[in-house]
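K.L.:
got a sequence here, can you model it:
(chains A and B)
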Amino acid sequence: VYSFTVIRQAAPGFSVPYLLASVDLAAGVRVIGQVEAAPTDVTIGTAVQLEVEPIGEDSTGRRVIGLRFHLSEDDQT
Amino acid sequence: VSDVYVVGAGMTRFGKHAASTSTQLGALAVMEAIRDAGIDLRRVEAAYCGSVYEGISVGQRVLAQVGMLGLPVTNVENACSSGAVALREASLAVRAGEHDVVLALGVEHLTSKFEGAITPDETDLETIVGLTMSGIYAMRAQRYMHDYDVDHAQLALVSVKNKQHAAKNPLAYFKEPVTVEEVLASRVIADPLTLLECSPATDGAAAVLVVSPKIAAKVRDRCVTLAASTLRSGELETTDSDMSFETLTERTANQAYERAGVGPEDVSLAEVHDCFSIAEALRVEGAGLFPRGGYLYAVAKGDAHIGGRLPINPSGGLLGKGHPLGATGIAQVVEVVRQLRGEAGDRQVDGARVGLAHCRGGKTVGVDAAACTVQILVR
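P.N.:
Prediction:
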C-alpha cells in the first residue's frame, strides 16, 4: 500500500465508509482499488493481494467486475 | 511575438447564487472588467470562456447578455484549469498578433448541478472502484504526512489561514475565520480530510481583458504584464511517482519562470489551486516557492499569511473564497492584478511586484491530473 484513505462521502450508489488504497504492484504499476479489510488493518506499507472480482452493482442492477485488494496471506512487510 | 498585458479585471461574489444563472453572473463580471479597463466594449475583438459543467456555448450566451455579438468566441473546458486555459488562449491570440483586445472569462453555477461534491468521470475505471476527488487528495495527504512527518493539525492550518484571508475579502464565500479545532472537528470526508479542508461548491464568474502593447500604451497605469502563461497535461503514475511532490506543477512553473525571466525568489504573492488543504502544500512546494516538506512549518510561522514573507492565497483561495470551477483560474488572476495595482484593500500585500497564479485539476485513469497552468504577472 503506497497510500490509503477511508472514503466517507462518495458518489451516489456507493455505501460508505469504504477503504480505498493506491497500491504498487510488483510489475511496476500503481493502481487504485478498495481494500477488503478493517481500516485499522491497513497503513502505508501493508502487503495486499489484487483480485478481479464483483465489486458491486451499477444503476441498472448489473454486476460490476473490478479490482479489489485483500490482505496478503504472506505479509511481505 | 508581442507582449501581453492584463488591463481590466472583474468578478462576482463567490457563493450560493440561487436567484442567478451562470449567464447573468458572467455578464456582471464581463461588464466590470470592461469598465475597469476603460475600453469601449465594441473594441473587444475576441473572447474565450472557461467552464466545466455549463453546457453548450456558454460564452456566447453570456456575451449576448451584454450585446457583444458577432465576434469569435471559443469555449474552453479543461477541468479546474478551464478559466486559466481560456486566459492562456486569449494571451496567445494577442501574442500572435491576431488581436489587440481579447476578453477571457470563466463561469460556473455549481450549486444548481451538484448536491454535494463533484465526481470524476463516471466511466473511468478508478471512479467505478470508488475513487472521489476528495479521496485522491486524502491519499496524497496521508502520504505527505508520512513522508515529511507532519500531523493533521499542521495541515489544518492551511484552511485556517485561507479562511482568515477570506474574511478580509468581500467577494469570498467564507465570511468568518475558523480555528484549528473547528477544522479538525468538522465532518470527515475522506481520512484525514474534513469538510473545512475541502473547497466549497459555489457559483461565480470572473473576467479579464488582455491587450497588445499598442492598446496598453494608452492605459499604461491600469496595466499588468502577463509575462508567462504555461499549460501542461498530466503525467503517468507509476511506482516511481511521488505523491508528496508534484513534478507536473514543477515543470509547468519552471517553464513559466523561464518565459517570464523571473525565479521563485522574485514572487511577491501567489494564488494557488488549494482545492483541499493538502493541495496548497503540494502546489507551493512543486512551484519552488517553499522547500519540500517545509511548507506547513512556514504556515505555522506566519510566512504564508498576508504580512508574511510570501503570502499564499491572499484572496482566501479556493478554501476561503470558493471554487466555481470555470471561474477559478480567472478569479486568481483578478486577485493578482488587484494586488499588483495596490487595490486589494485590507488584503494588500506590501510592495507586490510579481504575482503567480497556479491551477491544476482533473484526473484520468493512471494519470495524475488533467491540466496544470501557471501564469506570472509583473507590474
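K.L.:
what's the burial count for the residue lying closest to B:Gln24 once chain neighbours are set aside?
P.N.:
Of all residues not flanking B:Gln24 in the chain, B:Gln65 sits nearest, at 7.0 Å (Cβ to Cβ, 6 or more residues apart in numbering or on different chains). Quick note: C-beta positions are derived from backbone N, CA and C, even for glycine. Residues lying near B:Gln65 (other Cβ atoms under 10 Å in any protein chain shown) number 15.
K.L.:
over to B:Ile118?
P.N.:
Quick note: B:Ile118 (other Cβ under 10 Å) scores 18 neighbours.
K.L.:
give me every residue that touches it.
P.N.:
Residues in contact with B:Ile118 (Cβ atoms under 8 Å, 6 or more residues apart in numbering or on different chains) are B:Tyr53, B:Leu110, B:Met133, B:Ala201, B:Leu325.
K.L.:
right, and the third one touches B:Cys275 too?
P.N.:
Yep, that's B:Met133 we're talking about. Yes. If you go by Cβ atoms under 8 Å, B:Met133 and B:Cys275 touch, sitting 7.5 Å apart.
K.L.:
of these two, which one has the most company?
P.N.:
Higher neighbour count among B:Met133 and B:Cys275: B:Cys275, with 26 against 22, using other Cβ under 10 Å.
K.L.:
shouldn't that one be in contact with B:Lys321?
P.N.:
No. Under the criterion of Cβ under 8 Å, B:Cys275 makes no contact with B:Lys321, lying 11.8 Å away.
K.L.:
residues touching residue 23, list them.
P.N.:
Because you didn't say which chain, this covers chain A. A:Val1, A:Tyr2, A:Arg30, A:Val31, A:Ile32, A:Gly33, A:Val48, A:Leu50, A:Phe69.
K.L.:
my question was about chain B, not that one.
P.N.:
Per Cβ under 8 Å, 6+ apart, neighbours of B:Thr23: B:Val58, B:Arg61, B:Val62, B:Gln65, B:Val107.
K.L.:
so for the third one, what's the pLDDT?
P.N.:
Okay, so that is B:Val62. Note for B:Val62: predicted pLDDT of 98.
K.L.:
which element is it on?
P.N.:
Element membership for B:Val62, per DSSP states H and E: helix B:58-65.
K.L.:
any idea which of the contacts of B:Ile118 has the most stuff around it?
P.N.:
B:Leu325 (32 neighbours).
K.L.:
the helices in the chain, which residues?
P.N.:
With no chain named, the answer covers chain A. Applying DSSP state H to chain A gives no helices.
K.L.:
switch to chain B, that's the one I care about
P.N.:
Using DSSP H, helices in chain B cover B:22-37, B:58-65, B:82-95, B:125-128, B:133-148, B:152-166, B:180-185, B:213-216, B:247-260, B:277-286, B:295-301, B:317-321, B:325-341.
K.L.:
CA atoms of the third one as CSV?
P.N.:
The C-alpha trace of helix B:82-95 is given here as CSV (Å, rounded to 0.1, in the frame of the first residue of the first chain):
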residue,chain,number,x,y,z
SER,B,82,-10.7,25.8,-17.6
GLY,B,83,-10.6,29.5,-16.8
ALA,B,84,-6.8,29.6,-16.7
VAL,B,85,-6.7,28.0,-20.1
ALA,B,86,-9.2,30.5,-21.5
LEU,B,87,-6.9,33.2,-20.4
ARG,B,88,-3.9,31.4,-21.9
GLU,B,89,-5.7,31.1,-25.3
ALA,B,90,-6.6,34.8,-25.1
SER,B,91,-3.0,35.7,-24.4
LEU,B,92,-1.8,33.6,-27.3
ALA,B,93,-4.2,35.3,-29.7
VAL,B,94,-2.7,38.6,-28.7
ARG,B,95,0.9,37.4,-28.7
